[in-house]
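J.: need a structure here:
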Amino acid sequence: MTFSTQVAWTLATRVLMIVNSVVAGIIVAHWLGAKGVGQLAVINVAITTIVQLGSFGLPSSNTYFIAQDQARFRAAAINSLIVALGIGSILALGLSAVAYFRPSWFGDVSPSLIRIAAISIPFQLVVLIGLNILLSVGKVKEFNLLDLIGQSFVLINAFVVLILFSRGLETLVTLNTAASIVVSLVVGLLLLLSARRIADSRWRPDLTLLRRMITYGLKFHISILAGAIMLRADLLVVNHFRGPEEAGVYSVASQFGLLLMLLPGVIATLLFPRVTAEQDARGETTCMVMRYTTIIMFLCCLAAVPFSLLLPLIYGAAFSDATWLLLILLPGVYLMGLESVLVQHFNALGLPRAIPVYWIITLVLNLILVFTLVPRLGAQGAAIASTIGYAAIFALVAVHFHTSTGRSFAEVFVLGSVRG
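T.: Residues are numbered from 1 along each chain as shown. Next up, the predicted model:
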């Protein structure tokens, strides 16, 4: 399967996932209101951030080491799954304890809801790591299918709980947790089946390999965790200072911003193992992909401008501010999407120390802006802070790519500007 075909299939999957997310969000908005949307968003952001925290960069580390040598498949997989279940369980207990002893940190969200959702953490870690292991050995179809199935439960559960049975948020969170457990079991089974065809070795931990994986993964982890905090944690700050209603409105705008990043996310996901195998220090493949990503992302963001006007009609009058919030986010979303593809060049070459440092600098800037602007401007302040943060990390990575490869900005971002 060619790279363009892989991108096309993966993009088609992501489009279906977008439809699922949008329809599920509309159902929640009309049945639970802005407050319910905000509460569910806070729960999801808290769990997603914790899952990223507990991954230790192992999803990318697996791709890096297995793509180089598939004989490592079983050892890398068992190492990662043990870490996922062990660390995930600890983090689940920790989050439950925080919800019990510091319920005010989550605003109006019930501690019992946080505890129910926390059960899914180790299982979501298994899914996150397991899917990247499948991707590292070229199982793009399986990767896409399982990702789609897991995400489809967001829509299925919302329909069943809210429309068919007219139940509340607690039942929805419980069913979402159960779905995470089921999907993790399917991912684990597929890893077992894949190992029979790929590697002839025993299922046993390899501490030496685990040490190398974590060493590489931690460098990667700084970037991933900083990015996760920048992309999602501002919602928690809005909820804390302005309440779940305003957080719900902001979650709709930020959700569509994240959906726009799906395309570059797909490209980045598929580009990483390819560039890792090539070890192209001059960035030929990355530049070629970037030139097309630049124009496609621009067209997507341009199309999002008139679409933003429809958000209050789709979600209800209570979400009228979502239009303006999305428009504020769009410039940053565009630049962040480009960065997510461009940085794969450095990830594939072992991740130079400068990249995590850039993320730390940008995260500090973002947090300062969020805690300065949100108390004064609410969700609008969060959108402004996010756009500035996204632009900052893009600028740092783009300049570093220019200086390390000698490629001009035109060669990287402009179609037809190829060095002879």
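J.: which ones are touching the most centrally placed residue in the chain?
T.: When Cα atoms, centre = their mean is applied to the chain, the residue found nearest the centroid is residue 228 (6.8 Å). Shown in contact with residue 228 (Cβ atoms under 8 Å, 6 or more residues apart in numbering): 48-49, 52-53. Every residue, glycine included, has its C-beta placed from N, CA and C.
J.: And those residues, which two are furthest apart?
T.: With Cβ to Cβ as the measure, no two of these lie farther apart than 48 and 53, at 9.7 Å.
J.: what helices or strands is the helix or strand bottoming out on mean pLDDT in the chain leaning on?
T.: Here the helix or strand of the chain ranked lowest by mean pLDDT, DSSP states H and E is helix 262-278, holding a mean of 74. In this structure, helix 262-278 packs against helix 3-54, helix 58-68, helix 121-136, helix 284-308, helix 322-342, helix 344-348, with contacts taken as 3 or more Cβ pairs under 8 Å, 6 or more residues apart in numbering; DSSP states H and E.
J.: let's see it at 10 Å
T.: On a contact count with 3 or more Cβ pairs under 10 Å, 6 or more residues apart in numbering; DSSP states H and E, helix 262-278 meets helix 3-54, helix 58-68, helix 121-136, helix 140-158, helix 284-308, helix 322-342, helix 344-348.
J.: Can you check which residues contact both of residue 48 and residue 53?
T.: Residues touching both residue 48 and residue 53 (Cβ atoms under 10 Å, 6 or more residues apart in numbering) are 121, 228.
J.: Low-confidence ranges, the stretch 301-420 of the chain, go.
T.: 416-420 (pLDDT under 70).
J.: can we see that at 90?
T.: 307-308, 310-319, 340-356, 402-420 (pLDDT under 90).
J.: could you measure residue 182 against residue 40, distance?
T.: Here the criterion is Cβ to Cβ, to the nearest Å. By it, residue 182 lies 20 Å from residue 40.
J.: swap in residue 270?
T.: For residue 270, the distance to residue 40 - Cβ to Cβ - is 31 Å.
J.: Compare these two (neighbour count), which wins?
T.: residue 40 (26 against 21; other Cβ atoms under 10 Å).
J.: So the more buried one sits against residue 176, correct?
T.: Yes - judged on Cβ atoms under 10 Å, residue 40 makes contact with residue 176 at a distance of 9.1 Å.
J.: list residues touching both of these two?
T.: 117, 158.
J.: how about the CA coordinates for stretch 272-289, as CSV?
T.: Taking Å, rounded to 0.1, in the frame of the first residue of the first chain, the C-alpha atoms of stretch 272-289 are listed here in CSV:
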residue,chain,number,x,y,z
PHE,A,272,6.8,8.8,11.3
PRO,A,273,7.5,5.1,10.7
ARG,A,274,8.4,5.8,7.1
VAL,A,275,11.0,8.5,7.9
THR,A,276,12.2,6.4,10.8
ALA,A,277,13.0,3.6,8.3
GLU,A,278,14.6,6.0,5.8
GLN,A,279,16.7,8.0,8.4
ASP,A,280,16.7,10.9,5.9
ALA,A,281,18.7,13.6,7.6
ARG,A,282,18.1,16.1,4.7
GLY,A,283,14.3,15.9,5.1
GLU,A,284,13.4,15.1,1.5
THR,A,285,10.3,13.1,2.3
THR,A,286,9.2,15.5,5.1
CYS,A,287,9.5,18.5,2.8
MET,A,288,7.5,16.8,0.1
VAL,A,289,4.7,15.9,2.5
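J.: Now do the contacts for residue 352.
T.: Contacts of residue 352 by Cβ under 10 Å, 6+ apart are 219, 346, 400, 404.
J.: now, which of the residues you listed lie within helices?
T.: 219, 346, 400, 404 (DSSP state H).
J.: Can you tell me the closest non-neighbouring residue to the third one?
T.: What it means is residue 400. Once flanking residues are discounted, residue 400 sits nearest to residue 354: 5.9 Å by Cβ to Cβ, 6 or more residues apart in numbering.
J.: Measure how buried the one you found is and give me the count.
T.: 14.
J.: how far away is it from residue 396?
T.: Residue 354 is 8 Å from residue 396, by Cβ to Cβ.
J.: returning to that earlier point: counting neighbours, which of the ones in helices among the contacts of residue 352 comes out on top?
T.: residue 346 (21 neighbours).
J.: mind listing what that one touches?
T.: With Cβ under 10 Å, 6+ apart, residue 346 has these contacts: 223, 275, 283, 286, 352, 354-355, 358, 397, 400-401, 404.
J.: quick one: which of the residues you listed is nearest residue 366?
T.: residue 358 (12.3 Å).
J.: State the helix or strand in which that closest one lies.
T.: helix 354-377 (DSSP states H and E).
J.: returning to that earlier point: my guess is the residue nearest to residue 400 meets residue 404, correct?
T.: Yes - judged on Cβ under 10 Å, residue 354 makes contact with residue 404 at a distance of 8.8 Å.
J.: Can you tell me the SS state at the residue nearest to the centre of the chain?
T.: Of the three states, residue 228 takes helix under DSSP: H, G, I helix; E, B strand; the rest coil.
J.: so what's it scoring on pLDDT?
T.: In this model, residue 228 is scored at 78, pLDDT.
J.: Tell me how far it lies from residue 97.
T.: 21 Å.
J.: again, but for residue 357
T.: Taken as Cβ to Cβ, the span from residue 357 to residue 97 is 32 Å.
J.: Cool, thanks, talk later.
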